[in-house]
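S.K.: Structure for the following, please:
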Amino acid sequence: MINRHTLVVGGTRGIGHGIVNNLAEDGHILSVIGRRPPPVERSTASSINYWALDILDDELLEACLAEMTSQNGQLSSLIFCQRFRGDEDDWEGELETSLTATKKLVERFVSQIDENNNNSIVIISSVASYFVAEEQPLSYHVGKAGLNQMVRYYAVTLGSKKIRINSVSPGLVLKEEAKQFYRENESLHQLYRSITPLARMATPEDIGYITAFLCSPKASFITGQDIVVDGGLSLQMQHSLARQFLDG
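M.R.: So this is what the prediction gives:
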């Protein structure tokens, strides 16, 4: 198997960590960027290298990219899982982190790829790009919708360079960091399971499986698509869910 060097932005916790684990199992050499280092128990695999920095710092980011390609070789895949972690009403901060940083990294990736590789970009979006999640601010919704349109735009404009780009839109994901909350709120956990056709919540690994597939040659003719991973929840009519809730 040819070694594939993949950069995961936002891969130290939550969904990003699940993606990193899946890709490591698939034989990828991984460079992972996060705002802070991962917990010690998550950084032991020899194929995974971590860099802690703010991706909005252009100078540090450029130095980091040069170091990782020197250490691990040319990139063949690029995955975005970053999430803005500031004030909820920080419109500029959300769009800078979600859209501007993604655009800059995509452009950097395009400038150095080998067109003979299986080059792939995957952006982790959200079902909030389609629906309204009242617990999230407007900027979050606009940022995720913008990412989905970015995927479609780049699919058309980068196809001739042999680069595929797709997005994955998870619903609610049971992250490691949230397990204690759901253990303490089992009735809520049970409600989510009961209204989801597959009768459980998604895990970070579920998102990792589809991401690994989209980075593989098995997805060689898939580009510009957004894949919803929510166990079938969004397929149901609202009034059906309401009746199910009342009947339960």
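S.K.: Let me see the ranges of the strands in the protein.
M.R.: Taking DSSP state E as the criterion, the chain carries its strands at 4-9, 28-34, 48-52, 75-80, 119-124, 163-170, 226-229.
S.K.: in stretch 92-103, what counts as buried?
M.R.: G93, E94, L95, E96, T97, S98, L99, A101, T102 (16 or more other C-beta atoms under 10 Å). No exception for glycine: its C-beta is placed from N, CA and C like everyone else's.
S.K.: Quick check: closest non-adjacent residue to S220.
M.R.: N118 (6.9 Å; C-beta to C-beta, 6 or more residues apart in numbering).
S.K.: To clarify, my last question referred to R85.
M.R.: R35 (7.1 Å).
S.K.: and the one you found, how many neighbours?
M.R.: 14 (other C-beta atoms under 10 Å).
S.K.: For the longest helix along the chain, name the packing helices and strands.
M.R.: Secondary structure assigned by DSSP state H gives helix 138-158 as the longest helix of the chain. Packing partners of helix 138-158 (3 or more C-beta pairs under 8 Å, 6 or more residues apart in numbering; DSSP states H and E): helix 91-95, helix 101-110, strand 119-124, strand 163-170.
S.K.: hang on, the earlier thing: want to throw the buried residues of stretch 92-103 into TSV with pLDDT and distance to I48?
M.R.: What follows is those, written out as TSV (pLDDT from 0 to 100; distance: C-beta to C-beta, whole Å):
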residue	pLDDT	distance to I48
G93	93	28
E94	94	28
L95	96	30
E96	95	27
T97	95	23
S98	95	24
L99	97	27
A101	96	21
T102	97	22
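S.K.: List the buried residues for the longest helix of the chain?
M.R.: Applying 16+ other C-beta under 10 Å to helix 138-158 flags 139-148, 150-152, 154-155, 158 as buried.
S.K.: what do you get for stretch 197-209?
M.R.: Buried, per 16+ other C-beta under 10 Å, within stretch 197-209: M201, A202, P204, E205, D206, I207, G208.
S.K.: what's the spacing between the residue nearest to R85 and T12?
M.R.: As judged by C-beta to C-beta, to the nearest Å, R35 and T12 stand 8 Å apart.
S.K.: Fine, thanks again, bye for now.
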